[in-house]
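Participant: quick one, structure for this:
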Amino acid sequence: MRYNYKTYPDRRPHPAFPDDTSWIAVLEVRLSCPAKQTGPTARFEAVVDSGCVHTVFHSDIGRSIGIDVNSGIRGELGGLVQGPRAPAYYHDVALHVDAFIITIRAGFSDKLPAAGILGRKGFFEHFVVRFDPTLDPPGFEIERVGV
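Facilitator: So this is what the prediction gives:
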């Protein structure tokens, strides 16, 4: 499946690239909680980030599907949040990517500055991702593995 990058003008352009725009790989996903037998959330944007170890979502999304976020396995987030490390609580959830529904363990944090980050654990272990800014329009492709 192919998706276009989300592009936006740089708010603070780098002096070496003053006319540059930024692009980001964003995928619309949904979450549900099989243990609570909840229906899936509405679609929301999650950043596809190969540099992030774990898949993490904002705590509000977890609460919306009936998860008692703070009851999960506690961990910490570093580079994803501003300031000192922030707590994240891990739960088993169902990640809905187009027609695929995959059970993963994902973190939830009140301090996450985005709705979701799709990292190596939870996303990249289930999909091969090919980033290609040379496409017109620039985009990325994902392919389900292990089916």
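Participant: quick one: mean pLDDT for the longest strand along the chain?
Facilitator: Ranked by residue count, the top strand of the chain under DSSP state E comes out as strand 86-97. The average pLDDT within strand 86-97 is 96.
Participant: which strands and helices lie in contact with that strand?
Facilitator: Strand 86-97 sits against strand 26-32, helix 59-64, strand 73-77, strand 100-109, with contacts defined as 3 or more Cβ pairs under 8 Å, 6 or more residues apart in numbering; DSSP states H and E. C-beta: built from backbone N, CA, C; applies to glycine.
Participant: so which of the ones you listed comes closest to residue 136?
Facilitator: The closest of those to residue 136 is strand 26-32. By Cβ to Cβ, the value is 18.3 Å.
Participant: now do the buried residues in the closest one.
Facilitator: Within strand 26-32, the residues scored as buried using 16 or more other Cβ atoms under 10 Å are 26, 27, 29, 30, 31, 32.
Participant: quick one: contacts for the first one?
Facilitator: The contact partners of residue 26, by Cβ atoms under 8 Å, 6 or more residues apart in numbering, come to 3, 5, 6, 45, 46, 47, 48.
Participant: the third one now?
Facilitator: Shown in contact with residue 29 (Cβ under 8 Å, 6+ apart): 43, 44, 46, 95, 96, 97, 116, 118.
Participant: name the strands paired with the longest strand of the chain and say parallel or antiparallel.
Facilitator: According to DSSP bridges, strand 86-97 has the following sheet partners: strand 26-32 (antiparallel), strand 73-77 (antiparallel), strand 100-109 (antiparallel).
Participant: so the closest residue to residue 135 other than its chain neighbours versus residue 69, what's the distance?
Facilitator: Among residues not flanking residue 135 along the chain, residue 2 sits closest, at 7.9 Å (Cβ to Cβ, 6 or more residues apart in numbering). According to Cβ to Cβ, to the nearest Å, residue 2 stands 34 Å off from residue 69.
Participant: if you count what's nearby, which of those two comes out ahead?
Facilitator: Neighbour count, other Cβ atoms under 10 Å: between residue 2 and residue 69, residue 69 has more, with 21 against 10.
Participant: my guess is that one contacts residue 58, does it?
Facilitator: No: counting by Cβ atoms under 8 Å, residue 69 does not reach residue 58; the two are 9.8 Å apart.
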